[in-house]
Structures are given as structure tokens and as C-alpha cells.
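Visitor: sequence first, then the predicted structure:
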Amino acid sequence: MTKIYEEISKLSDKFRTMAYGLTTDKNEVNESVQELMLYLLQMNPVTLKAIYDKDGIDGVTRYGAVALRRALTSPRSNYFYKYRKYYTHIDSLTSEVTYNNKEETEMTTTYHKHLYNLPNDIVDNYQWTSLERIDKALDSFSWYDTKVFQLYYYENNTLDSLAKKTGISRNSLFTTIDKVRTELKYILSE
């Protein structure tokens, strides 16, 4: 398998050239090729070896080309969720307004894909305000309901892991969390 991985590592320039056929953005090309290499390294070794044994490095190249095309064109690919969806969201939050004439009647809005343009104060303020409202609302619940809700949401536990930690049945935990969530929605909507 080491030999196969060594040969795959030599294909990165070839995959970059293929990616330039699908997009012209240098960052997208580099990120998609990096994601493809990670995909090939994490793929089932038996499947990868079968592809290599059947068609050699050309088969791996063709397989990588299909995976690369899917990554850059499919909204369900890992690449889309890690990179494109995130930067599209940032684009909607950042803008720069410039005035074209001295009377300031015409405006042009341009968008930039830079993280330093993200308005942190708006996002952070909204997030903390929501969390403070939830914490204040949780004060009106019993200590048991509050603690179960906090263990589930604040510490990112699953119902199964929380049931193992606390010794409380999964169904009882679900009922409690669902009840608190429903009441919180009602309280916070007022």
C-alpha cells in the first residue's frame, strides 16, 4: 500500500491541472485537490488496491478525476460543506459600499471573500444575547431539568452517552430534554 500512496502523492500536479478545467480560482483548486488527496488516503485500502491492481495508476487517476469533479460541482460533497458553503455565507455578511460621485447618490456594493471582513461584533453579540436569554429562561426550570438540558446541549452529549454517564434511562432523558426545549421555544418567542 505504501507504493500506491507514494504514486498517488505524485499525482497532485495532475489533479491541480484537472481542477483548473472546472474552476479558475487558485484557492478552490488547491483546497479541492487537498480534499481529494485526503479522500484517497482515507478511502478503503481494499477498494484502492483493487482499482490499482486492475488499471494501475491510470485507474487511480481516473477515479480521482471523477471524485474531483463531484467535489467541485456537487452541493452534497465534503468539499462543498467544508469550503464553498462557508464562504458563500461569509459573502452574504460582508460588503463594502463606495460612492461613485460627489453628490453621493449612486452606490456600488462589492463583496469580498476575506475572513477579516466578517463583522465579528454582530455575530458574537447575537450569539451571546441568545445564550444569555436561554440561561435566564433556564433559571425558571427545576434543577433537574436545567442540569439535564445543559449536559445535553452545552457539553454536546448524545442521549446514549448521557444515559451511560448519569444512569438515567435514555427515554427519560429524551422526555425531559424535549419538554424543556418545547417550553424554551414558547418562553423565548414571547
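Guide: Received it, and whenever you're ready, just let me know what you need.
Visitor: domains of this structure?
Guide: Listed by automatic domain parsing, the domain ranges of the chain are 2-87, 119-189.
Visitor: need those in JSON lines (columns: mean neighbour count and mean pLDDT).
Guide: Where you see a C-beta, it was placed from the backbone N, CA and C, and this is true even at glycine. Output for the domains of the chain, formatted as JSON lines (neighbours: other C-beta atoms under 10 Å; pLDDT from 0 to 100):
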{"stretch": "domain 2-87", "mean neighbour count": "15", "mean pLDDT": "84"}
{"stretch": "domain 119-189", "mean neighbour count": "13", "mean pLDDT": "82"}
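Visitor: helices of the protein, start to end?
Guide: Ranges of helices in the chain, per DSSP state H, are 2-9, 12-20, 26-42, 45-73, 78-79, 85-93, 120-138, 143-153, 159-166, 170-189.
Visitor: the longest one versus helix 2-9: what angle between them?
Guide: Spelled out, that is helix 45-73. 10 degrees (axes from the mean of the first three to the mean of the last three C-alpha atoms, to 10 degrees).
Visitor: ok now do residue 5, which residues does it touch?
Guide: residue 41 (C-beta atoms under 8 Å, 6 or more residues apart in numbering).
Visitor: so how far is residue 53 from it?
Guide: Separation of residue 5 from residue 53 (C-beta to C-beta, to the nearest Å): 15 Å.
Visitor: ditto for residue 20
Guide: 30 Å.
Visitor: do residue 14 as well
Guide: 20 Å.
Visitor: also residue 60?
Guide: 11 Å.
Visitor: before we move on, what about residue 13?
Guide: Counting by C-beta to C-beta - residue 13 and residue 53 are separated by 24 Å.
Visitor: what's the answer for residue 46, then?
Guide: Residue 46 sits 10 Å away from residue 53, taking C-beta to C-beta as the criterion.
Visitor: for residue 158, same thing?
Guide: Residue 158 is 40 Å from residue 53, by C-beta to C-beta.
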